[in-house]
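> Got a predicted model here, sequence first, then my questions.
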Amino acid sequence: DYVNIFNKEDEKKEEMRFFNDFIKKSSDVDFKKYISVFVDLDKLYYWNILNILAASNHQTETTNSIIYFNGITGKFEIIPWDTNIALSNRYKDNYALLMNRVLSIDSNRQRRNELLEEYLNDSDNLNDDLKYYDKLYEITRSDFLKDHYKLYNNLSYLDKVKLYREMIKNNFEKSQDVLN
């Protein structure tokens, strides 16, 4: 009934308050001890790698992402949303408080870097990413070209498609810099 749903929402708000307080206020010792209890770290690393590949800090734990409490695992996860691909590699590890704190722990930085390096060392990943992009373009191209209310005219749209494809390639190559 309505009361039970409302109470569950209050519980979720309380979980989020706890999570935010933990990120912002816990001591370094407590953070290191409990972060893996509260957060699915591998999913956090993959989310972070997505931001690295996009060369962007557009998403943080407080902006342009969705924080989800997984009741099955009992851990928080960040769901990518509104990822913004950037023209140059502007990504910085210290931009988001959560990632800054997580990566200040050597074993966490090492694990994230291992996952990133594994992804970057497999050239099939870039090819798969570009094939997916090309397929999505192929499927949506005619609809975009027919749309008279889009933000850009057709020539600008076609130029942007080429630009974003180049950005995917360039960002993949520049992502190696994060490991250095």
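Received it, and whenever you're ready, just let me know what you need.
> hey, where'd the strands end up in this structure?
65-70, 75-80 (DSSP state E).
> Tell me which stretches of this protein form helices.
2-25, 28-38, 41-53, 97-103, 106-121, 123-146, 154-174 (DSSP state H).
> Please name whichever of these is nearest to G74.
Closest of the helices of the chain to G74 is helix 28-38, at 8.4 Å (criterion: Cβ to Cβ). All C-beta spots, glycine's among them, are computed from the backbone N, C-alpha and C.
> That closest one vs helix 41-53, what angle?
Between the axes of helix 28-38 and helix 41-53, defined by axes from the mean of the first three to the mean of the last three Cα atoms, to 10 degrees, the angle is 100 degrees.
> related to what we said a few turns ago, so of the strands of the chain, which one's packed in deepest?
Mean neighbours per residue, mean count of other Cβ atoms under 10 Å, is largest over the strands of the chain for strand 75-80, with a mean of 18.
> could the helices of the chain be laid out in a markdown table, adding mean neighbour count?
Listed next are these as a markdown table, based on neighbours: other Cβ atoms under 10 Å:
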| stretch | mean neighbour count |
| --- | --- |
| helix 2-25 | 12 |
| helix 28-38 | 14 |
| helix 41-53 | 20 |
| helix 97-103 | 20 |
| helix 106-121 | 15 |
| helix 123-146 | 12 |
| helix 154-174 | 14 |
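> Could you export the strands of the chain to TSV, including columns for distance to L115 and mean pLDDT?
What follows is the strands of the chain, written out as TSV (distance: least, Cβ to Cβ, whole Å; pLDDT from 0 to 100):
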stretch	distance to L115	mean pLDDT
strand 65-70	18	82
strand 75-80	15	88
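> Name the residues linked to I79 by a beta bridge.
Applying DSSP bridges to I79 yields these beta-bridge partners: I66.
> for it, what are its contacts?
W47, S65, I66, I67, Y68 (Cβ atoms under 8 Å, 6 or more residues apart in numbering).
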